[in-house]
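[1] after the sequence you'll find the predicted model.
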Amino acid sequence: MLGRLISFLTGGFLGRILDTVDHAIEAETDREKIKGDIIREHYRNRADWMRAGGFWLCLLFALPLAFWFGAVVVYSVFWCAGCAFPQPWTIAALPPPLDDWAGAIIVSIFGVIGVTRFSKGA
């Protein structure tokens, strides 16, 4: 009887507030679940793309980068100004956008391959 009286006096206001809070919590939980599903599907699609031949496309970008990095390492060991066989020439640094992209290329290739091989081993 007291509950009906309070409900009558407040016009069900408290009930509506509590229902709104419950719906907000459920919506937030559903939103986080959807975000997790999207991230999981993205990684699954990325691994499938690598298995379907994307690896060769990645090598198209990685091989010139590996050649440049190898040239820098060999020059730094053997032909730099204070090394065993000093030379007057140097190897040029990558231009500004490519020096940032080089790290992203390596992480995108080896990161996906590492995750794929790790998941197969588990």
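    Cool, got the structure.
[2] now do the helix or strand hosting residue 35, average pLDDT.
    Using DSSP states H and E, residue 35 sits in helix 13-49. For helix 13-49, mean pLDDT is 80.
[3] helices and strands around the very next helix or strand once past that helix, which ones?
    Sequence order places helix 55-74 as the next helix or strand after helix 13-49, per DSSP H and E. Under the contact definition 3 or more Cβ pairs under 8 Å, 6 or more residues apart in numbering; DSSP states H and E, helix 55-74 sits against helix 96-121. The C-beta positions use only the backbone N, C-alpha and C, and glycine is treated the same way.
[4] just to revisit the earlier point, the helix holding residue 35 to helix 55-74, inter-axis angle?
    70 degrees (axes from the mean of the first three to the mean of the last three Cα atoms, to 10 degrees).
[5] which strands and helices sit next to helix 13-49?
    Going by 3+ Cβ pairs under 8 Å, 6+ apart, helix 13-49 lies up against helix 2-10, helix 96-121.
[6] please redo it, this time with the cut-off set to 7 Å
    helix 96-121 (3 or more Cβ pairs under 7 Å, 6 or more residues apart in numbering; DSSP states H and E).
[7] tell me the span between the first and last residue of stretch 83-97.
    Using Cα to Cα, to the nearest Å, one end of stretch 83-97 lies 30 Å from the other.
[8] average pLDDT for it?
    On average, stretch 83-97 scores 77.
[9] got the buried residues for that stretch?
    Within stretch 83-97, no residue is scored as buried using 16 or more other Cβ atoms under 10 Å.
[10] other residues contacting that stretch?
    68, 71-72, 75, 77-79, 99, 102 (Cβ atoms under 7 Å, 6 or more residues apart in numbering).
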